[in-house]
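1. Pasting the sequence and the predicted coordinates here, then a few questions.
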Amino acid sequence: MLEDVLHRDNLNQAYLKVVQNKGTAGVDGRDTTELKHQISEEWTDVHERLLSGTYQPSPIRRVKIPKPDGGQRKLGIPTVMDRLIQQALNLYLQPIYDPAFSEHSYGFRPGRRAHDAVRKAKQYINEGYTWVVDIDLEKFFDTVNHDRLMRTLSHRIQDGRILRIIRKYLQAGMMDQGVTQANTMGTPQGSPLSPLLSNIVLDEWDKEMEKRGIRFVRYADDCQIYAGSRKAAERIFRKMTRFLEKTMRLKVNQTKSAVDRPWKRKFLGFSFTASSKGNSKIRVHRTSLERAKDRIRTITSRRWSISMEDRIKKLNQFLVGWRNYFALAETPTPFRRMMEWIRRRLRMIRWKEWKTPKTRKRKLRGLGVSPAKAHEWGNTRKGYWRVACSPILHHTLNDAYWRRLGLKSLI
DNA sequence: TGCCCAGCCAC
RNA sequence: GUUGUGGCUGGGCA
Ligand SMILES: Nc1ncnc2c1ncn2[C@H]1C[C@H](O)[C@@H](COP(=O)(O)OP(=O)(O)OP(=O)(O)O)O1
Ligand SMILES: [Mg+2]
């Protein structure tokens, strides 16, 4: 019921999410800090029009951002008011739809992690299904068919007012450089409701695969299907391509999709080691490792004026976060070599704040080092480095290392 | 247990 | 200039 969507508690939660996301303004130029004020001024009117079915959402704002593969991602940013309403719809619809989704679907779903999807994939491979049909959809969100989506929504949602609001959001159009344009397909990349809608769309595909007893793992539009032979995999690929394009009206991305061995493919940032004895292991895919190196290069770039301490803090929090996700890998990631590489890069930077022994000693004292030790270590750059910076980097490798040096905390 | 902040990853 | 969903890590507050 629409009244449940617009209930105080639901709206309050939706409001908090919009504000805490700290996103930027939509076409009306109002940002999240103004939302409270905007609600107090406009909500009674908006609420009225939502109930009477005369609410008209604003068009989305087009923003293009670079994709990791070099392409462009076209974001569609709704106004904060529309984000609030969509958050409320999402909070209401998520618990209705999510429990009915497939066990093998992992993307955009509460309580489900990419790690579980990768573990499941590994299990299939080690059960002997060593051929994979790797399917990715082309411009997935942008190609979602409105009529099909609305029809599937109408199966579970009785309240026609909710359906009409969702349809209005799908048809809200976009505004680019002052020109508004209507749109006939797709759900905006950047709308709070889009991820759930996309899962509602692809749930039909999940059900189709389950009906055929296919072993698969899906994360958003990235689906891995496992088979025992190349022939079987290719047959599934043809069947699924036909299903997706003919009956679902979506497009299979020919350059990103393929039938191959799992260890030749990337899935959620990981890949696998080759094995014919059911002994494949999870490893970090090289492109993910390259992206990490790129990030480190920019943090340790000489052209970036930032204090050494801040640089190391940034580096450390990146490495800790990065490693946390990729710790799932079972092959030893070359962390030690990476650390050496990072240290070499940092040493090449001329840090002017450490020019004199005096400033170095004062810093060490501030870190809780005894006067005698501060004198000893602060005299040389090398000594300062070893005590004040190196342990932080080492910390990501070995927690015991810097405790040994008698430093409690640098961060 | 709840809330807030910073960040990382997937899509 | 960068939206969204979901997950996770670290820190802080009571
Ligand atoms: N940063 C993001 N913000 C919002 N939505 C996103 C973001 N990244 C991915 N998505 C959503 C929208 C995409 O259509 C969907 C699948 O991602 P992805 O396959 O990388 O792109 P895509 O399917 O739109 O283009 P491509 O043709 O390159 O596959 O996930
Ligand atoms: Mg895609």
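-> Structure received. Ligands and ions are numbered 1, 2, ... in the order given.

2. Chain neighbours aside, what residue packs nearest to residue A:300?
-> Spatial nearest neighbour of residue A:300, chain neighbours left out: residue A:345 (4.3 Å); criterion: C-beta to C-beta, 6 or more residues apart in numbering. Quick note: C-beta positions are derived from backbone N, CA and C, even for glycine.

3. buried residues in the helix or strand containing the one you found?
-> In the assignment (DSSP states H and E), residue A:345 maps to helix A:335-347. Within helix A:335-347, the residues that qualify as buried are A:338, A:339, A:342, A:343, A:345, A:346, counting by 16 or more other C-beta atoms under 10 Å.

4. Repeat that for stretch A:275-295.
-> By neighbour count on 16+ other C-beta under 10 Å, the buried set for stretch A:275-295 is A:280, A:281, A:282, A:283, A:284, A:285, A:288, A:289, A:292.

5. can you put the residues you listed in CSV and add pLDDT?
-> Below are the buried residues of stretch A:275-295 laid out as CSV (pLDDT from 0 to 100):
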residue, pLDDT
A:280, 96
A:281, 95
A:282, 96
A:283, 93
A:284, 93
A:285, 95
A:288, 93
A:289, 91
A:292, 90
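
6. between these, which is closest to residue A:318?
-> Proximity of the buried residues of stretch A:275-295 to residue A:318 (C-beta to C-beta) peaks at residue A:292, which lies at 8.1 Å.

7. how about the closest one, secondary structure?
-> Secondary structure assignment for residue A:292 (DSSP: H, G, I helix; E, B strand; the rest coil): helix.

8. Not counting sequence-adjacent ones, nearest residue to it?
-> Spatial nearest neighbour of residue A:292, excluding adjacent residues (C-beta to C-beta, 6+ apart): residue A:322 at 5.6 Å.

9. Pretty sure residue A:86 sits against residue A:169.
-> Yes. Contact criterion C-beta atoms under 8 Å: residue A:86 and residue A:169 qualify, at 6.7 Å.

10. When those two are compared, which one has more neighbours?
-> Neighbours were counted for residue A:86 and for residue A:169 using other C-beta atoms under 10 Å; residue A:86 has more, 24 against 21.

11. Please list all residues in contact with the closest residue to DNA strand B within chain A.
-> Proximity of chain A to DNA strand B (C-beta to the nearest atom of the strand) peaks at residue A:321, 2.4 Å away. Counting by C-beta atoms under 8 Å, 6 or more residues apart in numbering, residue A:321 makes contact with nothing.

12. where's it, which helix or strand?
-> Secondary structure (DSSP H and E) places residue A:321 in helix A:308-326.

13. quick one: the strands in the stretch 151-300 of chain A?
-> Here the stretch 151-300 of chain A has its strands, by DSSP state E, counting those that start in this stretch, at A:174-176, A:179-181, A:215-219, A:222-227, A:258-260, A:270-272, A:282-284.

14. what's the helix or strand just after the helix holding residue A:345 packed up against?
-> Sequence-wise, the next helix or strand downstream of helix A:335-347 (DSSP H and E) is helix A:357-366. On a contact count with 3 or more C-beta pairs under 8 Å, 6 or more residues apart in numbering; DSSP states H and E, helix A:357-366 meets helix A:371-378, helix A:381-384.

15. will you turn these into CSV that also has distance to ligand 2?
-> Putting the helices and strands packed on helix A:357-366 into CSV (distance: least, C-beta to the ion, whole Å) gives the following:
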stretch, distance to ligand 2
helix A:371-378, 53
helix A:381-384, 49
